[in-house]
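1. curious how this folds, go ahead:
(4 chains)
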Protein chains: 4
Amino acid sequence: MDYQQLLENIYQEILPYAKEGKQADYIPELAKVNPDQFGMFLHSIYGETASLGSADTRFSIQSISKVFALAICLSIKGDELWKRVGREPSGTAFNSLIQLEIEKGVPRNPFVNAGAIVMADILLSHFENPEREFLNFVREVSGEPTIDYNREVAESEREFGYLNAAIANLLKYHGTIENDIESVLHFYFLMCSVEMSCRELSLAFLAFANHRRKFNYAGISLTASQVKRINAIMQTCGFYDEAGEFAYFVGLPGKSGVGGGIVAIHPLQYSVVVWSPRLNSKGNSVMGMKALELLTTETKESIF
Amino acid sequence: MDYQQLLENIYQEILPYAKEGKQADYIPELAKVNPDQFGMFLHSIYGETASLGSADTRFSIQSISKVFALAICLSIKGDELWKRVGREPSGTAFNSLIQLEIEKGVPRNPFVNAGAIVMADILLSHFENPEREFLNFVREVSGEPTIDYNREVAESEREFGYLNAAIANLLKYHGTIENDIESVLHFYFLMCSVEMSCRELSLAFLAFANHRRKFNYAGISLTASQVKRINAIMQTCGFYDEAGEFAYFVGLPGKSGVGGGIVAIHPLQYSVVVWSPRLNSKGNSVMGMKALELLTTETKESIF
Amino acid sequence: MDYQQLLENIYQEILPYAKEGKQADYIPELAKVNPDQFGMFLHSIYGETASLGSADTRFSIQSISKVFALAICLSIKGDELWKRVGREPSGTAFNSLIQLEIEKGVPRNPFVNAGAIVMADILLSHFENPEREFLNFVREVSGEPTIDYNREVAESEREFGYLNAAIANLLKYHGTIENDIESVLHFYFLMCSVEMSCRELSLAFLAFANHRRKFNYAGISLTASQVKRINAIMQTCGFYDEAGEFAYFVGLPGKSGVGGGIVAIHPLQYSVVVWSPRLNSKGNSVMGMKALELLTTETKESIF
Amino acid sequence: MDYQQLLENIYQEILPYAKEGKQADYIPELAKVNPDQFGMFLHSIYGETASLGSADTRFSIQSISKVFALAICLSIKGDELWKRVGREPSGTAFNSLIQLEIEKGVPRNPFVNAGAIVMADILLSHFENPEREFLNFVREVSGEPTIDYNREVAESEREFGYLNAAIANLLKYHGTIENDIESVLHFYFLMCSVEMSCRELSLAFLAFANHRRKFNYAGISLTASQVKRINAIMQTCGFYDEAGEFAYFVGLPGKSGVGGGIVAIHPLQYSVVVWSPRLNSKGNSVMGMKALELLTTETKESIF
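-> Predicted coordinates:
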């Protein structure tokens, strides 16, 4: 498979969508990003790589960080984790309080905001220095020690993060989080603020794609079975209210973020990351969704 | 892979669950079935087979019929189908009217009852003799011309099918179905009443597992891409409120029915069917779920 | 108080609204009514009367019939009635299935459609000839033996009554109704189809306004306390999602119907009925609401 | 009417309920109150009074303060107020976030917590010194200059007020409140913390019962029509999910608080306040509800 040629073909086909959608503007710091950027990077498990555009420009990974948080939480809690958060897809928008109230404070899955806030709480309770431990894991799994938080973005998000604050208060009311609300929200937004390039993310997610390789980074280890289960959760819950759409058109496990990044993996084949800040109405990158759909259409290979 | 040995090992492990759960009793005809039955059958795409217990006893396929209906609807409507029904997982119980009312009569996906009732309506509008056409398709895809409806079961279901009648009326109110309500419900329950054995169902679903082979049965043809998309929908929506659980523990696309049957496919590897009438609280076969979890655990192979 | 002069003043003030709103068109028979009609009639408990426009033209009383049904049900069941139906205002539209599903088949109050369908079921179970008994009660309480059902309207409503059929099926599913669905719906729509004039309705509701007088009509008797409690339910639940609006602007217990009629009572003072087929977006008569608001504004007297 | 004798009779009848229910314990400061207290006070508009038990003991008025806030907001905003908050009864529990999310941040009425939080925001924006102005109004309307906030209670409520904080954040997210969240919550809890006796509250609510008297206290003036409309809102929305129950059994406009106080008014007749800290499952005083039911049963007089 000539992945580089494939990506270049895809690029020609998605160019007409370059001006569709608009970047997230509810976070002032994110609104400053030039929306007309695009990058893509693919790592096969055999070491092949392919690259397009600004594949080395770092961007805010936002909700993609929830996969890293899940890996750490599953490593330290095992199946006990599922007493605090569910594994079912969410039938409503990613930030819905309705489901949380009906289900008495137990989030549907780790990738809705409520679920990720619970994971932030778990990490805060478990580690003496959770900020350092989370960053160490991300640096090790991607092999890039210069990756860091962007504290301006995190603070900017906290300042206008009324909906997440409402969620955190509701979780606290139901007794689902242990630590004080401001600490939990601070750490949640900090994890979201991590900045990585397509190339770096793609290497990090190769660890999930290639579950035959031992998963052990910065003291966080997972069995092959656990890695596959994280992949399953990406498949069923990775795209909020568009999970079915992504499964239908792309057919790979993946996770998106409002920074415009999307990761996807073909287990035992490759990991791929695409980034472009213009989003569709569901909060997913327009060019990114299109590029991944073309990738599995042209290769005629998906997990299905 | 010695599938026969594998299935026999699995059988030993699931025996302790043989008395857990209870069969569906809301349909009088189904309540008459001996609950202590078990069968399993696997077809690999290379022609290998493996069999356990009552693999040749026919049972009521119930909601598994929705996959056949989807195949026919997608064949005759193409992507126009998605104007009538969604592709997103449902965050609530399979028969919930709430979501339907909030979403103004467009069912979340083809596998919730509302979605399947819409498909029944589509088939009624399209075919001169929908009962015959549906049966012909099922007979051809499974290669077994004696498969038939059980009209007693269908009538028994209609008689007590108040919830489905509520759904059909709500769909009619929103203009989502064209035909008269009684005709639609009659045909819906008739499709659910088809009786097949594990062996027969397993051969039928091999057509979905092996999408390299041409899909064309009784005039219903699908492209490889369409077959894969049906598989994707089985993955995200096949188990009502337990889709995440099945993805997590089994990791295969599949579909269950309240008759106690479950089908699952490993694309380009095998199709497998397990049947046992005792159900868990979510309406899925207890021994069936356990058997499939063990199958992917022991083979160490799932789509993830 | 010169009620006749008062009504004439009100008429001048509401004339500008004569073309606002449109009549109910989901029931073909009702859509045939000339929308530009208006009538009003007031009976004081001291025997004074006042009349405006087409006060003697009969119209379809529709949901106003639910007050009669409640009077009969409370007479025959006493406080046992409240095990089958609630007394709380409904926070959603009058035909919402959501609340019914969340609350497991117990309607919020007797005036939402679900509640009235349960009352129809109660009457069917209690009387040998419920159609005759209901009509007898209405004829006696209004002192007018020629009042009758309009069976064309009732059949027309049943034919297109998908939403009410959905509700009845859901109630049956939850076991809240005993009789078969078609009988219950038939009788429900029949009660709604009764035709009365403003003058006749006004006399009928004088029995509720003047609870010092013995309430006993066609064998249906209520204590003064029971009559007052029916008035309380009219106050809190009589206008679906506009109950608060009516309480705020009119300040009297009342009940509206989609035929364009509204009754209101000032306990121990008067009963008043206004009719005009053009409805606002909530299903209440535009001129009727305005006329009643002016009535309590100009008299400076409401129950508050 | 010998009100004193009436109250003494009532007292004998409610004694059997003296140990039913339990006091609010989610606010540590309120949990310290001796639950076995009872007081009642009635003021007729002709100057008659009647008193029972600890009618001069001050207690935390809690949600009863929302009526004062509504009076002030309606005085300063007029009907513009209804652009920020609704007037419809709430079909769900008093603190439900679901309705607020569905209705995009506009609270159903001023007496659900969300509505009162919006009123706190309005007062903060309007007055230079809202704390002083609110207290001045309460002191003038009750004629008692020593009434004051209990700042320990207010702080105790804020500390554990996660649900109200969730609501405030959701309102801020929807743009319904202007001031910063902590200021709004601080002022909201402060208003709730006001301590008054049955006698003082009863005198304060006489201003609402007797709307023939000019309503003008500490610069806050309302027309007779506005006072009556506040009474109407008390009737339809004063008891959260028990509004219908109170209308049915008591038949007067009223407002309860979790401190165990309940006020009720019979327009142009009397205002009455009862207090007892043990609450029923809906958060209303057990003895208080019973006492008011008996009051209108024995006098045979309610607004209906």
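
2. list the contacts for the closest residue to residue A:114 other than its chain neighbours?
-> The shortest distance from residue A:114 to any residue that is not its chain neighbour, by CB to CB, 6 or more residues apart in numbering or on different chains, is 3.7 Å, and that residue is residue A:107. All C-beta atoms are positioned from the backbone trio N, CA, C, and that covers glycine. Applying CB atoms under 8 Å, 6 or more residues apart in numbering or on different chains, we find residue A:107 in contact with A:85, A:86, A:100, A:114, A:115, A:117, A:118, A:171, A:176.

3. hang on, residue A:107 is in a strand, isn't it?
-> No - read with DSSP: H, G, I helix; E, B strand; the rest coil, residue A:107 is coil and lies in no strand.

4. so how far is chain C from it?
-> As for residue A:107, its distance to chain C is 20 Å (criterion: CB to the nearest CB, to the nearest Å).

5. for that residue, grab phi and psi.
-> Backbone torsions of residue A:107, given as degrees, to the nearest 10, read phi -60, psi 150.

6. what does the stretch 51-200 of chain A have sitting close to chain B?
-> Proximity of the stretch 51-200 of chain A to chain B is assessed by CB under 8 Å from any CB of the partner chain, with A:86, A:87, A:88, A:89, A:90, A:91, A:92, A:99, A:108, A:109 identified as the residues in range.

7. for these, pick the one with the most neighbours.
-> In terms of neighbour count, residue A:89 stands highest of those at 30 neighbours, by other CB atoms under 10 Å in any protein chain shown.

8. so who does the closest residue to that residue other than its chain neighbours touch?
-> Spatial nearest neighbour of residue A:89, excluding adjacent residues (CB to CB, 6+ apart): residue B:89 at 3.8 Å. Residues counted as contacts of residue B:89 (CB under 8 Å, 6+ apart) are A:88, A:89, A:91, A:236, A:243, A:244, B:108, B:109, B:236, B:237, B:243.

9. let's see it at 7 Å
-> For residue B:89, the contacting residues are A:89, A:91, A:236, A:243, A:244, B:109, B:236, B:237, B:243, taking CB atoms under 7 Å, 6 or more residues apart in numbering or on different chains as the criterion.

10. report the two of the residues you listed separated the most.
-> Pairwise distances across these peak at 12.7 Å for A:236 and B:109 (criterion: CB to CB).

11. pretty sure residue A:205 is touching residue A:264, no?
-> No - no contact is recorded between residue A:205 and residue A:264 when judged using CB atoms under 7 Å, the distance being 8.2 Å.

12. quick one: the helices in the stretch 51-200 of chain A?
-> For the stretch 51-200 of chain A, applying DSSP state H, counting those that start in this stretch gives helices covering A:65-77, A:97-102, A:113-126, A:130-142, A:151-160, A:162-173, A:181-192, A:198-209.

13. confidence-wise, which of those helices is weakest overall?
-> Lowest mean pLDDT within those: helix A:97-102, a mean of 72.

14. so which bits of that helix are buried?
-> A:97, A:98, A:99, A:100, A:101 (16 or more other CB atoms under 10 Å in any protein chain shown).

15. confirm for me that the second one is in contact with residue D:101.
-> This points to residue A:98. Yes - shown here, residue A:98 and residue D:101 form a contact pair, counting by CB under 7 Å, at 5.6 Å.

16. what is in contact with those two at once?
-> With CB under 7 Å, 6+ apart applied, the contact sets of residue A:98 and residue D:101 do not overlap.

17. hmm, back to that, can you redo the contacts of residue A:107 as a markdown table with distance to residue A:138?
-> Rendered in a markdown table, the data for the contacts of residue A:107 read as follows (distance: CB to CB, whole Å):
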| residue | distance to residue A:138 |
| --- | --- |
| A:85 | 21 |
| A:86 | 25 |
| A:100 | 27 |
| A:114 | 22 |
| A:115 | 19 |
| A:117 | 19 |
| A:118 | 20 |
| A:171 | 24 |
| A:176 | 25 |
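
18. sweet, I'm off.
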